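A.B. asks: after the sequence you'll find the predicted model.
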Amino acid sequence: MELFLTGLAAFAGGALISWVNYLLLRRLMGSKGETGLSLASPLRMLLSAAYFLALYLIGKHTGLSLYALLIGGALGLTILLALFTRRIARDLESKGKE
């Protein structure tokens, strides 16, 4: 049960990081247009890498399952990234039709 809860907490954290990345991208694309995408990409990568580093350090210092932390975090980042990417593409498509 502890393994599942650890993975679920890491998933929630990954979802939160993915949501922050989405907000960052949406804001930069709104203010800078298409160049906002190239500005946001390194920042999003740094946030994701920092989250993985934090998960690794948490796992090493607390004794929680490192596998559950990293897999849960990766799933949270990846699944929500796909959903938010779809949302951004849909928003851009609707702006293109207007």
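C.D. replies: Looks like it came in fine. Numbering: from 1, shown residues only.

A.B. asks: any regions of this protein where pLDDT drops low?
C.D. replies: Within the chain, the stretches with pLDDT under 70 are 96-98.

A.B. asks: and the spatially most central residue of the chain, what element?
C.D. replies: Taking CA atoms, centre = their mean, the centroid of the chain lies closest to Ser18, which sits 2.2 Å from it. Here Ser18 sits within helix 2-32, counting by DSSP states H and E.

A.B. asks: after that helix, which helix or strand is next? Please name it.
C.D. replies: Where DSSP H and E defines the elements, the next helix or strand beyond helix 2-32 is helix 35-62.

A.B. asks: angle of the helix holding Ser18 against helix 35-62?
C.D. replies: 160 degrees (axes from the mean of the first three to the mean of the last three CA atoms, to 10 degrees).

A.B. asks: buried sites along helix 2-32?
C.D. replies: For helix 2-32, the neighbour count (16 or more other CB atoms under 10 Å) marks 6-7, 9-11, 13-15, 17-18, 21-22, 24-26, 28-29 as buried. Heads up, the C-betas are built off the backbone N, CA and C, glycines and all.
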